[in-house]
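[1] Pasted the sequence and its predicted model underneath.
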Amino acid sequence: MAGRTEDELERITLLGNQGTDYRFQYAPDVLETFDNKHPERDYFVKFNCPEFTSLCPMTGQPDFATLYISYIPDRRMVESKSLKLYLFSFRNHGDFHEDCMNIIMNDLIALMEPRYIEVWGKFTPRGGISIDPYCNWGRPGTKYEQMAEHRLLNHDLYPEKVDNR
């Protein structure tokens, strides 16, 4: 199979760009997509993002997490450098952990219109407690909606069972 053509890559402006602009405020507009060359197949794309930071909306103190993003693409896929810059834009964003995970999931749904997506934040414990919000979504009226319901009910949030390879 041949690689990607220049036309297929014209929407990708961040990858390979040496003049990267790091946004310090929430910036969903930095996200970029490319076409899925295998839309006839269901397969997962998984991102492990160990350096996520946001701010507590009450104290302004930083919160740290590893994010796990998994999705089954349809026609479009998120470009990884734009995802990295998007997640970096939460650095000064003040919101609760649960809100951050749902915002990220909603932005990725709006961007890609995936068949299925899940976002899980494993936040560093603070004050002796950790928060691990998990959210998912499956395209309504399809088997992916049923998959989302099943996975939400059977999701195992124990970190030792997560494959970090």
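    On my side now, so go ahead. Residues are numbered from 1 along each chain as shown.

[2] ok, so what distance separates the nearest residue to Pro57 once chain neighbours are set aside from Gly60?
    Of all residues not flanking Pro57 in the chain, Gly94 sits nearest, at 4.0 Å (Cβ to Cβ, 6 or more residues apart in numbering). All C-beta spots, glycine's among them, are computed from the backbone N, C-alpha and C. Counting by Cβ to Cβ, to the nearest Å, the gap from Gly94 to Gly60 is 7 Å.

[3] Same check on Lys37?
    Distance, Lys37 to Gly60, using Cβ to Cβ: 44 Å.

[4] longest helix anywhere in the chain?
    Secondary structure of the chain per DSSP state H: the longest helix is helix 97-112.

[5] just to revisit the earlier point, and the residue nearest to Pro57, what are its bridge partners?
    Beta bridges link Gly94 to Leu55 when assigned by DSSP bridges.

[6] my read: His97 touches Pro133, true?
    Yes: counting by Cβ atoms under 8 Å, His97 does reach Pro133; the two are 5.3 Å apart.

[7] shared neighbours of those two, which are they?
    Common contacts of His97 and Pro133 (Cβ atoms under 8 Å, 6 or more residues apart in numbering): Gly121, Phe123.
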